[in-house]
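Novice: return a 3D structure for these sequence lines:
(chains A and B)
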2 protein chains.
Amino acid sequence: MDITEFVNRSLGLWRSQRSAHHLAFRHTEEVTSEIAIEPLDRDDPEVIELCQAYEIDPQLATVPFRMSWEGESDWDEKEELKGTTVLVPIPDPEDPKKGKLLRDRGYAETMAAVGNYQITEDGTFVLTTSYDRAAAEEKIWFATPNLRMRVSLIKTSGGDGVTTASFSSEIRSLST
Amino acid sequence: MDITEFVNRSLGLWRSQRSAHHLAFRHTEEVTSEIAIEPLDRDDPEVIELCQAYEIDPQLATVPFRMSWEGESDWDEKEELKGTTVLVPIPDPEDPKKGKLLRDRGYAETMAAVGNYQITEDGTFVLTTSYDRAAAEEKIWFATPNLRMRVSLIKTSGGDGVTTASFSSEIRSLST
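Specialist: Numbers count the residues shown, from 1 in each chain, chains lettered A, B, ... in the order given. As a prediction, the model looks like this:
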C-alpha cells in the first residue's frame, strides 16, 4: 500500500459514526457525519497555492484531494460541524512509504498545517501533525474496502499527554 | 517491542471507556469498566492446563497473565459484564514478533480460543482469532505509558464483513 493506493481507496462518500473520548471528563461525545473525498488535479489553483505556502514544488505533489464533512454532535447541537479542506501528499523521494501531508485547514486547530505520514507494513496510514498548542496523531486503515477505521488523538503540544481520543467507523455510501 | 515488553507494560489496573459501534444499527453502546492485568507463573496449574488443551509444551509459554474485568453498559443495564480469563503467549521460535495467544475464554465467544498475534513496527499488538461463527481482530497500542488504546472488530466468520467495531481508551489507575 502506498499513498496513491490509499487515497484512491478513500475516494467517495462515507457515513461516519464517531465517538470522542474526552479523557479528563470521562465523557464520550457522539458525532455522526457525512464525508466526501474527491480527487483534485495537481494543477488546481488551490493545490498550487498550498504548495507555494510551504515552499514546495507543486510537481512533487501526488494524488491531491479535497475532504468535506457535515455532521452533528450530541454534545453541542448548535455547533455547526461543517467544513472542507484541501490535502496534498508530498511523498518522500527516498522512501515511498513516508512523506508530508499539507492541508489548508488542520484537525486540532483550524489553520493550515503540515504533517508527517507513514504507511505501516499492515497498511495503516499514520499521520502526526504539530500545531501551535497541540499535536495530533491519526491512524486510518481499511477493515474492508467499504469500511474505514480512524483513531485520532489530540495531544498536548509536548506530545506526552492525550486530551481526546476519537474513533470513527466510516462506511462507504454505495447509493448516490 | 516484543511480547514480554508489551505484557509487562500492560500489567496493572486500568479504567476503560469503550464505545462499541454496532454497524448495522448505527448504534453506539458505551461501556465503562475496570480491568486488572496480573502476571501468572509459567508453572501455574491453569497455564499448564491451557497449554495441554492445545497440545503445546508449557515450556514454550512466555509471560502468561490473567485479565479480569467488571463493568457496565448503557445498552443493557441488567447485563453483568464481569469475567476473567487466562492468556498464554507462545512466541514463534523463528520470529519473536509473532506467535499464538491461548486464552481460556474468548472475546467473540465465551469458549477457549487460540489467536495469532504480531507486533508491528510501530508497536501495535495485532491479534486475530477465529471462532466457530465469527472472527475477531484486535489492535492494542500504547499512546503513552499510562494510556492504552484498543480497537476490536467482530467479523463474520468468513472475515469479509464487520458487525461491531469497538474502541477503548484505557487509563492506568495510579492509585491503589
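
Novice: what's the spacing between stretch A:104-121 and its chain's center?
Specialist: 6 Å (CA atoms, centre = their mean, to the nearest Å).

Novice: and for stretch A:54-71?
Specialist: Distance, centroid of stretch A:54-71 to centroid of chain: 11 Å (CA atoms, centre = their mean).

Novice: ends of it, how far apart?
Specialist: 30 Å (CA to CA, to the nearest Å).

Novice: who's in contact with stretch A:168-176?
Specialist: A:12-19, A:34-35, A:145-152, B:21, B:23, B:165 (CB atoms under 8 Å, 6 or more residues apart in numbering or on different chains). Placement of C-beta: from N, CA and C, glycine included.

Novice: would you list the buried entries among those?
Specialist: A:12-14, A:16-19, A:35, A:146-152, B:21, B:23, B:165 (16 or more other CB atoms under 10 Å in any protein chain shown).

Novice: neighbouring strands of the helix or strand hosting A:Ile171 in the sheet, and parallel or not?
Specialist: If you go by DSSP states H and E, A:Ile171 is part of strand A:162-172. Taking DSSP bridges as the criterion, strand A:162-172 sits next to strand A:12-22 (antiparallel), strand A:147-156 (antiparallel) in its sheet.

Novice: buried ones in it?
Specialist: So for strand A:162-172, counting by 16+ other CB under 10 Å, buried means A:162, A:164-172.

Novice: what mean pLDDT does it have?
Specialist: The average pLDDT within strand A:162-172 is 96.

Novice: roughly how far out does it sit from the chain middle?
Specialist: 11 Å.

Novice: can you tell me which of the strands paired with strand A:162-172 is nearest to B:Tyr54?
Specialist: Minimum separation from B:Tyr54 across these (CB to CB) falls at strand A:147-156, 30.4 Å.

Novice: contacting residues around that closest one?
Specialist: A:10, A:14, A:18, A:107-108, A:134-143, A:161-172, B:23, B:143, B:149, B:151, B:153, B:162, B:165, B:167.

Novice: can you give me how far that strand is from the chain middle?
Specialist: Put simply, strand A:147-156 sits 9 Å off its chain's centre (CA atoms, centre = their mean).

Novice: which positions in chain A make contact with chain B?
Specialist: A:15, A:17, A:19, A:21, A:23, A:26, A:28, A:30, A:32, A:120-122, A:124, A:126, A:137, A:143-144, A:147, A:149, A:151, A:153, A:160-162, A:165, A:167, A:169, A:171 (CB under 8 Å from any CB of the partner chain).

Novice: let's see 6 Å
Specialist: A:17, A:19, A:21, A:28, A:30, A:120, A:122, A:143, A:147, A:153, A:162, A:165, A:167, A:169 (CB under 6 Å from any CB of the partner chain).
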